[in-house]
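Trainee: fold the following and give me the result.
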Amino acid sequence: MTFPGRNSLDSDGIKIPPKVFRVGTLSYTMAGLCILAFWLLWGNFCIILMEEVWHSIVPLKLKELAAPNWAIGFIMVSIPQLLNTVLNPVISTASDRFRSPFGRRRPFMLIATPFIAFLLCIVGFSPDIGQWLYGAGLGRATGWSLGAITVVVIGVTIFLFRIAELFINVLFYYFINDVVPQKVMARFLAFLRIVGMGGGAFYNYFVYQHALTHMRVIFIAAGALYFVGFALMCLRVKEGEYPPPTPRQDKDKGLLALARLYARECLHQRLHILLYLHVMVWTMATALGVFQVFLCLALGMTLHQLGTIAAAVGVASAVLTYPAGILADRFHPMRLMIWIKFGMVLLLPLNFVWLFTAYAPSVNFWILVILSVLNLPLNLIYAATLMPLYMRLYPREQFGQFCSFMAICTASVAVAGGLVGGLYIDWMRRAWPDAIYGKDYCYRLMPPWTLFFTGISLLLLALLYKEWRRLGAESYVPHSVD
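Mentor: Numbering: from 1, shown residues only. Model (predicted):
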C-alpha cells in the first residue's frame, strides 16, 4: 500500500493532499503518524523490559530462598492484583476527568516514572537489604531466618513498586486510545506487541540466564533505561484537547453514592457483564502461570534453554503479530476470539503428557518447543483481539472507567487465584509427594486447573457472542451512560 506524500501528483499533474488521520482534536499526516508510532513503541519497549525483569527474576529468587508456593503466589499475583482492585478505578476515573495543559494521562505517568525506576533498583538490592536487617538484630528479635526476612523485604518492595507501576499499567493503553486514530488501531497494537516481543526475546536470550548471578546489575540497568526512555516518550507525545468532564449528579452525596453510580454505569448492560465474567474466569485459568518456570526446571531444563525457547517464541511472535493485527482489523474481534478460545480448549489436553510418563530432559525440551509452536498462533490472535474488543464494546467517552471496572473484576479474581493457586500446588505436593513421584511432580498437575477454567471461559464467551448478535453484531455502537 502506498500513501500520497507531500509532492505526490495525480495523472493530471495536480498535487494530491497528504492523507490525514484524525482522533479527537489531533490530526496526523503519514509522517506524523510514523513519528507518533516510534515514540509509543519506544515507550512500550521500556515497559516490557521493566516488566520482564521483575516478573521473571523475583519468582526464581523467592524459590531460591525456599519460600512456599502460597507465598510466591501471594507476592507475585495476589499483592499486585489487590492493589489493582483498590487503585485502578481511582486512577482510571481520575484520569478520565482530569484536565491540564499537558493532557489527562501524561501528568500521572510522568510523576510515577521516577518512583518506578527507583523502586525497581531497590528490588534488585532486596537480598542485601535483607542481609543488613538480619545482621542488625531483626533476626534475633523475630526469630526469623535470613531467608524469611529477605522474602518479607522482597514482598514489601514489590508492594511499593506495584503501587507506582499501576499508573503506567493502567494509563498507557488509555493514552494510546486517546492519541492513535481508530482506523489503524489494531495494526498499531500489533506493532506494539511486535516491539514488546522483540524486547522480551532479547532479554530472554541474552539476560535471563544470568538472572540470579547478576541480579543487581540487571535491575539497575532496567531502572535506568525505564527512567530515561519512558520519560522521554511522555514528553514527546502530545495529547489533544478534551471536552469538559460531565458533571457528577451525585457529587454532593459522598463517596458511597459515587461508588454506586460508578458500578451502575459499568453494569447497566448484559453485554458488559458477560464480558467481565468471561475475562474473570480466563484470569483464573492463567493464575498458575507464575509457576510454569518451576515445572520446566523440574523437567530438567536450564534457564538458558528456557530463555532460548522464550526468545524464539518472541521472534516468531514478532513476525506473526502484524498479520494477527490485520485479522483483528478485518474481522470483528468477537468472531475471532470465540474460535481462538475453542482452539485453546482443544489443545490444552496435550499438556497432560508429563502426568503419565517421565522423559529425559532433552526430550522434555523438544516437547516444550512443540507445545509452544502449537499454542503460539492462538495466543497471538487472542492478544491481538482483546484490546480491540474492549474498544468496540466500551463507550469511548468512558473508556477508562469501563476498563478500570474490568480491572477490578479480574484483579479480585487474581488475588484469590494467586493465593489459591499456590495452595493448590502445595496440596498437589502432599497428594503426590516428591519422595514417591519425583522432585516437584506437583507442578505437572497445573494443566487440569487451566483446562477446567478455560472451558468455563469458553462457555461464557459463547453467551457473550449470542448477546452481541442480539444487539446487532457489527452494527452495535456503544454509547456513554447517562
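
Trainee: can you give me phi and psi for Phe21?
Mentor: The phi/psi pair for Phe21 (degrees, to the nearest 10) reads phi -110, psi 130.

Trainee: now it: closest residue in space, sequence neighbours ignored.
Mentor: Excluding the flanking residues, the one nearest Phe21 by C-beta to C-beta, 6 or more residues apart in numbering is Pro181, at 4.1 Å. The way it works is simple: take the backbone N, C-alpha and C, and place the C-beta from them, glycine included.

Trainee: separation between that neighbour and Met391?
Mentor: 12 Å (C-beta to C-beta, to the nearest Å).

Trainee: which helix or strand in the chain has the lowest average pLDDT?
Mentor: Ranked by mean pLDDT, DSSP states H and E, the weakest helix or strand in the chain is helix 303-330, scoring a mean of 75.

Trainee: which other helices and strands does that helix contact?
Mentor: helix 185-202, helix 292-298, helix 361-393 (3 or more C-beta pairs under 8 Å, 6 or more residues apart in numbering; DSSP states H and E).

Trainee: tell me the most buried of those helices?
Mentor: Stretch with highest mean neighbour count among these: helix 185-202 (a mean of 22; mean count of other C-beta atoms under 10 Å).

Trainee: C-alpha coordinates for that one, PDB please?
Mentor: Extracted as PDB, the C-alpha positions of helix 185-202 are listed here (Å, rounded to 0.1, in the frame of the first residue of the first chain):
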ATOM      1  CA  MET A 185      -5.600   0.900  16.000                       C
ATOM      2  CA  ALA A 186      -5.500  -2.900  15.600                       C
ATOM      3  CA  ARG A 187      -2.400  -2.700  13.300                       C
ATOM      4  CA  PHE A 188      -0.700  -0.300  15.700                       C
ATOM      5  CA  LEU A 189      -1.400  -2.500  18.600                       C
ATOM      6  CA  ALA A 190       0.100  -5.400  16.600                       C
ATOM      7  CA  PHE A 191       3.300  -3.300  16.100                       C
ATOM      8  CA  LEU A 192       3.200  -2.500  19.800                       C
ATOM      9  CA  ARG A 193       3.300  -6.200  20.600                       C
ATOM     10  CA  ILE A 194       6.000  -6.900  18.000                       C
ATOM     11  CA  VAL A 195       8.300  -4.400  19.700                       C
ATOM     12  CA  GLY A 196       7.400  -5.800  23.100                       C
ATOM     13  CA  MET A 197       8.100  -9.300  21.900                       C
ATOM     14  CA  GLY A 198      11.400  -8.200  20.400                       C
ATOM     15  CA  GLY A 199      12.400  -6.700  23.700                       C
ATOM     16  CA  GLY A 200      11.300  -9.800  25.500                       C
ATOM     17  CA  ALA A 201      13.200 -12.100  23.100                       C
ATOM     18  CA  PHE A 202      16.400 -10.000  23.600                       C
END
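
Trainee: which parts of the helix or strand following that helix are buried?
Mentor: Counting by DSSP states H and E, the element after helix 185-202 in chain order, helix or strand, is helix 215-236. Neighbour-count burial for helix 215-236, with 16 or more other C-beta atoms under 10 Å as criterion, is recorded at 215, 218-219, 221-223, 225-227, 229-231, 233-234.

Trainee: Ile91: which of the residues you listed is nearest?
Mentor: Closest to Ile91 out of these is Cys234 (15.7 Å), distances taken as C-beta to C-beta.

Trainee: so the closest one versus Leu288, what's the distance?
Mentor: 35 Å.

Trainee: and if you look at Leu419?
Mentor: 12 Å.

Trainee: higher neighbour count, the two?
Mentor: A count of neighbours by other C-beta atoms under 10 Å puts Leu288 above the other of Leu419 and Leu288, at 26 against 20.

Trainee: these two touch, right, that one and Ile425?
Mentor: Yes. Look at Leu288 against Ile425 with C-beta atoms under 8 Å: they come within range, at 7.3 Å.

Trainee: can you list residues touching both of those two?
Mentor: Taking C-beta atoms under 8 Å, 6 or more residues apart in numbering as the criterion, Leu288 and Ile425 both touch Met446.

Trainee: farthest pair in the buried residues of helix 215-236?
Mentor: The widest separation within those (C-beta to C-beta) is 28.1 Å, between Met215 and Cys234.

Trainee: isn't Tyr174 up against Gln401?
Mentor: No. Assessed by C-beta under 8 Å, Tyr174 is found out of contact with Gln401, at 10.0 Å.
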